[in-house]
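>>> Just a sequence and a predicted model for now, questions to come.
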Amino acid sequence: MSAKYDLMVVGSGPGGYVAAIRASQLGLKVAVVEKAELGGICLNWGCIPTKALLKSAQVFEYMSHAEDFGISVSNAKVEFDKVVKRSRDVAGGMSNGIQYLFKKNKIEVVKGFGKVLGSKKLEVTDDKGNKTTYTPDHIILATGARSRELPNLPIDGKKIIGYREAMSLAKQPKSMIVVGSGAIGVEFAYFYNAIGTDVTIVEYMPNIVPVEDVDVSKQLARSFKKQGINIMTDSSVEKVDTKGSKCKVTVKTKKGEEILETDVVLSAVGIQTNLEGIGLEEAGIKHEKGKVLVDEHYKTNVPGVYAIGDIVHGPALAHVASAEGIICVEQITGHNPEPLDYGNIPGCTYCSPEVASVGMTEKAAKEAGYEVKVGKFPFSASGKASAAGHKDGFVKVIFDAKYGEWLGCHMIGYNVTEMIAEAVVARKLETTGHEIIKSVHPHPTMSEAVMEAAAAAYDEVIHI
């Protein structure tokens, strides 16, 4: 047996490290079990380093189109290795930041792989195979997820890659096929296209970013095509031949099969939860379809064992995992927190133009039986968007016609991921459409489009 802790968290991603810090703030003695870098996939191989890559692409785009702003720039070029290094440095800095936060909050780090043996019993195996058993009062599983692999698209790390390899390639490919058009797929499609790679997206569904409102999906497709990205929807990759110098990709479309050649295939078909070896069977923890079953405060069926983040039902998003972690430890410490409202979770995609949304799509609202008022304001009518040179996109809002409830908000355009929080907070406060219209928004800003879209829903819009 080893040191006694009130709480041990398995995994140090945005669910695990946030839960650990909040638990320490609430007076618990906490340790975090982590076999790799602190910060998990998000800080090291996901949210943060991808944003660094995307920023490099945006800077290059600005320089490439500097003449549009009356500025002459010559010989702008991408040095791919330096772009990758900057991204890795940013990730490293954030991981070091977690170390600082752990030290500040007196959280201990146990290096190794955690496995639940039962209530109040956790085994940790270090990189040399040594096993240590701990007896914490509470255990939170926050083991996250990884790239999902399709049987006909096995990731080899060289010609068929996942998101980890996509952000750390030794050499920029001349061509790339991206399979899947969720957030990961379209972000990498934008990045590689912007720096000069010939990119094709293959999407099984009728529209790219298929979870978004259909108007947003169609706008992003238009913008991507204008940027030079080839898009194949209602299509699927049947097989990939990697024997030659290039990949030969067989794509099934409505018109038949096509064979495409490319340097690299990026598999972006979703994620798979990390449940292997963490003790679910041995401890008798209930799970189904790759998800641990928990209650509204993230308790499993085994006393003292909890689960949060990608391994439980709900959106696999960093901010969701963090919120779940806070709720979980506040419940453990007797604070009786309000359960998370999964209907008011914002989703953000950081390609260019950006995509952000919260609540119901127009289609979902109508299918739920609502009579709706829908307003849309295009950024082509926004003075700030015109001045910034980013006129693609719009804000779309959906209100319940009867009571004015804000059912959904969908944005596509420059920097809209920084704007969506207005809708999240307003919906939390049960704000109505008319209250949005009467809330004065600063001019000129991109955020005016929210007020204008609400006004459009009620036939009061001024600027279109």
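Now that the structure is in, tell me what you want to look at.

>>> ranges for the strands of the stretch 101-250 of the chain?
108-111, 113-118, 121-125, 131-134, 138-141, 145-147, 160-161, 175-179, 198-202, 230-232, 236-241, 247-253 (DSSP state E, counting those that start in this stretch).

>>> Highest mean neighbour count out of those?
Most buried of those, by mean neighbour count (mean count of other Cβ atoms under 10 Å): strand 138-141, with a mean of 28. For the C-beta atoms, the positions are set from N, CA and C on the backbone; glycine is no exception.

>>> Figure out which of the strands of the stretch 101-250 of the chain is closest to Glu296.
Closest approach to Glu296 among those is made by strand 138-141 (15.3 Å; Cβ to Cβ).

>>> pLDDT of that closest one, averaged?
The average of the pLDDT scores along strand 138-141 is 98.

>>> Can you name every helix or strand that that strand contacts?
strand 7-10, strand 113-118, strand 305-307, helix 318-332 (3 or more Cβ pairs under 8 Å, 6 or more residues apart in numbering; DSSP states H and E).

>>> Throw the ones you listed into a markdown table and include distance to Trp406 and mean pLDDT, thanks.
Output for those, formatted as a markdown table (distance: least, Cβ to Cβ, whole Å; pLDDT from 0 to 100):
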| stretch | distance to Trp406 | mean pLDDT |
| --- | --- | --- |
| strand 7-10 | 35 | 98 |
| strand 113-118 | 41 | 96 |
| strand 305-307 | 32 | 98 |
| helix 318-332 | 20 | 98 |
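
>>> want to try CSV for those, with distance to Val18 as columns?
Output for the helices and strands packed on strand 138-141, formatted as CSV (distance: least, Cβ to Cβ, whole Å):
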stretch, distance to Val18
strand 7-10, 10
strand 113-118, 17
strand 305-307, 14
helix 318-332, 4
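
>>> Just the element for Val355, please.
strand 354-359 (DSSP states H and E).

>>> Let me know the average pLDDT across that strand.
For strand 354-359, the mean pLDDT works out to 98.

>>> Run through who's touching it.
Here strand 354-359 makes contact (Cβ atoms under 8 Å, 6 or more residues apart in numbering) with 209, 212-213, 216, 220, 343-349, 398, 406-417, 419-420, 423-424, 427.

>>> Ile231 reaches Val209, doesn't it?
No: with contacts counted by Cβ atoms under 8 Å, Ile231 stays clear of Val209, the gap being 11.1 Å.

>>> which residues are in contact with both of these two?
Ser181.

>>> any idea how this protein splits into domains?
If you go by automatic domain parsing, the domain ranges for the chain are 7-147+272-342, 160-269, 353-457.

>>> Take these and write them to a markdown table, including distance to Leu153.
Formatted as a markdown table, the domains of the chain follow (distance: least, Cβ to Cβ, whole Å):
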| stretch | distance to Leu153 |
| --- | --- |
| domain 7-147+272-342 | 10 |
| domain 160-269 | 5 |
| domain 353-457 | 25 |
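
>>> do you know which of the helices and strands packed on strand 138-141 lies nearest Glu238?
Smallest distance to Glu238 across the helices and strands packed on strand 138-141 (Cβ to Cβ): 33.2 Å, for helix 318-332.

>>> Which parts of the helix or strand following the closest one count as buried, going by neighbours?
Using DSSP H and E, the next helix or strand after helix 318-332 towards the C-terminus is strand 347-349. By neighbour count with 16 or more other Cβ atoms under 10 Å, strand 347-349 contains the buried residues Gly347, Cys348, Thr349.

>>> Now for the second one: which residues touch it?
In other words, Cys348. Ala183, Glu354, Val355, Ala356, Thr417, Ile420.

>>> And for the last one, nearest residue in space, chain neighbours not counted?
Nearest in space to Ile420, with sequence neighbours left out and distances taken as Cβ to Cβ, 6 or more residues apart in numbering, is Ala356 at 3.8 Å.

>>> I'd like the distance between the one you found and Ala183.
11 Å (Cβ to Cβ, to the nearest Å).

>>> more crowded one of the two?
The residue with more neighbours, out of Ala356 and Ala183, is Ala356; 26 against 22, by other Cβ atoms under 10 Å.

>>> Helices of this protein, start to end?
For the chain, helices defined by DSSP state H occupy the ranges 16-25, 40-45, 47-64, 80-104, 163-166, 183-194, 214-227, 280-283, 318-332, 362-367, 383-388, 420-428, 433-437, 448-457.

>>> Show me the least confident stretch of those helices, going by mean pLDDT.
The bottom spot among the helices of the chain, by mean pLDDT, belongs to helix 40-45, with a mean of 85.

>>> With only the CA atoms kept, save that helix in PDB.
Extracted as PDB, the C-alpha positions of helix 40-45 are listed here (Å, rounded to 0.1, in the frame of the first residue of the first chain):
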ATOM      1  CA  GLY A  40      -3.800  15.200 -21.800                       C
ATOM      2  CA  ILE A  41      -4.600  15.200 -25.500                       C
ATOM      3  CA  CYS A  42      -6.200  18.600 -25.500                       C
ATOM      4  CA  LEU A  43      -3.200  20.600 -24.400                       C
ATOM      5  CA  ASN A  44      -0.500  18.400 -26.000                       C
ATOM      6  CA  TRP A  45      -2.100  17.000 -29.200                       C
END
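
>>> Output stretch 212-225 as CSV, nothing but the C-alphas.
C-alpha atoms of stretch 212-225 as CSV (Å, rounded to 0.1, in the frame of the first residue of the first chain):
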residue,chain,number,x,y,z
GLU,A,212,-24.2,21.9,-37.6
ASP,A,213,-27.3,23.8,-38.9
VAL,A,214,-27.6,23.0,-42.7
ASP,A,215,-27.2,26.7,-43.6
VAL,A,216,-23.9,26.8,-41.8
SER,A,217,-22.7,23.6,-43.5
LYS,A,218,-23.6,25.0,-46.9
GLN,A,219,-21.8,28.3,-46.2
LEU,A,220,-18.7,26.5,-45.1
ALA,A,221,-18.7,24.4,-48.2
ARG,A,222,-18.9,27.5,-50.4
SER,A,223,-16.1,29.2,-48.5
PHE,A,224,-13.9,26.1,-48.6
LYS,A,225,-14.4,25.7,-52.4
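
>>> got a list of contacts for that stretch?
Outside stretch 212-225, the residues within contact range by Cβ under 8 Å, 6+ apart are 186, 189-190, 193, 201, 207-210, 231, 233, 347, 349, 351-353, 355, 357, 361-363, 376, 392-394, 396, 408, 410-412.
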